[in-house]
Every structure is written in C-alpha cells, then in structure tokens.
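K.L.:
Coordinates only, no sequence provided:
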C-alpha cells in the first residue's frame, strides 16, 4: 500500500480535520485519481481487518458454546450463568483488534511531503522503514498481484506464494522489509512469477517490494501472525 498520504487519510477518516482543510482535501480527492486510489486502498485494509476480526469472534464464540454445551449436557451456557465467559472472549478480541490497528497507524508515517497545500503542518520525520522504501522512486507501470491477495493476514510458518503480472520485461528483485527498515529477505537476483518464499520470517507487519536496480515497481504490506 502507498503510505504517501496516510496521515491525511487517518485524520480525514477519523473526522479530525478542520472544515477548511477537510474541504480542500475532498476537492483534491475528487480531482486526483492517484490520491483517490490510494484512499480506497486504505479503506480496503480497514475492511479486511474488520472482516478478519468478525470471523475470529464468531469462531471463538462457537467454540465456547460447544465446550460449555458438553459440560452442561446440552444446556445453553448463557442461560446457566456463564455470561462472564462470553464477555471475556469479546474483550480479548476487541483488545487484539485495537492493538493491530494502533500498531499499523503508529508505524505508517508519511514518506514524502504532501503534494497539495494544506493548512495543517506536515510531519517531516521519517521512520527507518520509510527511508528504506524511499530509496527507490516509484515507477508508474501496470503491475497486477494475484497472490497473496485474498487476505493481508498470513501464517508466518507457511511459505508465501507471490504471483504477479507486470507489463515490462525488466528483471525484478523481490525484497521483504521489517518495521526497522531491515531487509529480512531478498531474492538476490531476478525473479519470475510464481515465486515461493520459504524462509521463516518474523511476525508482525512486513513490507514487500518488487524493484529493479533503480526503481520500485510495487510496494505492499502483509501481517504475519
């Protein structure tokens, strides 16, 4: 995901902008297709996280109901004074969801100066990850990633399959980068689709980058649990 406008997206999404600033941003959003696409990708990530947490909650509640049904000979556990179990499970899921979102928002800082004149000051501080990602200029070219695509959440114990199509014949290098800006995996040379990353990777959010020697073709993020 392009993190260029992330702070503006966060403030707009949380309705933290002043009316004049908000109007300027919405005008830019309507006129700039790249900005609009980046904001839609921002919303898609939130939806993916929400869908994942909802599914986890349903699975957890189902497991609790089945376990207590066995212990109580089929009597529904909520009617037998086990409301605290349901509440504990719900609180655990909410805390986990809040922690993941907070981590993503805190770590994804703006990498470049905002392209439009806004009244709010721009934070020029850059994280180690930001500095690593901005080493290569972003090339505007058709790059379609087929895998991983269904979810940003992956089991880090499993190999990661990358499948893509790019409208270019230039050789590409695949790199995975952690939040400290350290390259935790590199193909070391040109890769072709499909490509399987078998190395055991650290947990948390990992950035991936397809690049040549001078330009980045595609950036994105995965959450390895």
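P.N.:
Structure's in. What do you need? Note that this is a predicted model, so its numbers are computed, not measured. Numbering: from 1, shown residues only.
K.L.:
pLDDT weak spots in the protein?
P.N.:
In the predicted model of the chain, residues 1-4, 49-58, 61, 65, 68-86, 96-97, 99-126, 140, 150-151 satisfy pLDDT under 70.
K.L.:
Break it into its domains for me.
P.N.:
6-107, 128-224 (automatic domain parsing).
K.L.:
Same list (the ones you listed) but as JSON lines, adding mean neighbour count.
P.N.:
Heads up, the C-betas are built off the backbone N, CA and C, glycines and all. Formatted as JSON lines, those follow (neighbours: other CB atoms under 10 Å):
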{"stretch": "domain 6-107", "mean neighbour count": "14"}
{"stretch": "domain 128-224", "mean neighbour count": "15"}
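K.L.:
Tell me the bridge partners for residue 197.
P.N.:
With DSSP bridges applied, the residues forming beta bridges to residue 197 are residue 160.
K.L.:
Which residues are in contact with residue 190?
P.N.:
The neighbours of residue 190, taking CB atoms under 8 Å, 6 or more residues apart in numbering as the test, are 171, 172, 173.
K.L.:
residues contacting residue 60?
P.N.:
89, 92, 93.
K.L.:
and which of the residues you listed is nearest residue 24?
P.N.:
Taking CB to CB as the measure, residue 93 is the one of the contacts of residue 60 closest to residue 24, at 37.7 Å.
K.L.:
what's the following helix or strand after the helix or strand where that closest one lies?
P.N.:
Element membership of residue 93 [criterion: DSSP states H and E] is helix 83-107. With elements assigned by DSSP H and E, the helix or strand that comes after helix 83-107 is helix 128-133.
K.L.:
other SSEs contacting that following helix?
P.N.:
For helix 128-133, the packing partners by 3 or more CB pairs under 8 Å, 6 or more residues apart in numbering; DSSP states H and E come out as strand 173-177, strand 204-211.
K.L.:
a markdown table for the contacts of residue 190, including distance to residue 199?
P.N.:
Rendered in a markdown table, the data for these read as follows (distance: CB to CB, whole Å):
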| residue | distance to residue 199 |
| --- | --- |
| 171 | 21 |
| 172 | 18 |
| 173 | 15 |
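K.L.:
Can you tell me which of the residues you listed is nearest residue 146?
P.N.:
For the contacts of residue 190, the closest approach to residue 146 (CB to CB) belongs to residue 172, at 14.9 Å.
K.L.:
The closest residue to the closest one other than its chain neighbours bridge partners, please.
P.N.:
Excluding the flanking residues, the one nearest residue 172 by CB to CB, 6 or more residues apart in numbering is residue 210, at 4.8 Å. Taking DSSP bridges as the rule, residue 210 bridges to residue 174, residue 218.
K.L.:
who's in contact with residue 210?
P.N.:
143, 164, 166, 172, 173, 174, 216, 217, 218.
K.L.:
measure it to residue 141 for me?
P.N.:
10 Å (CB to CB, to the nearest Å).
K.L.:
Please apply the same query to residue 148.
P.N.:
Taken as CB to CB, the span from residue 148 to residue 141 is 21 Å.
K.L.:
now residue 212
P.N.:
11 Å.
K.L.:
repeat for residue 91
P.N.:
In this view, residue 91 and residue 141 are 46 Å apart by CB to CB.
K.L.:
try residue 175
P.N.:
In terms of CB to CB, residue 175 sits 18 Å off from residue 141.
K.L.:
Over to residue 129?
P.N.:
Separation of residue 129 from residue 141 (CB to CB): 23 Å.
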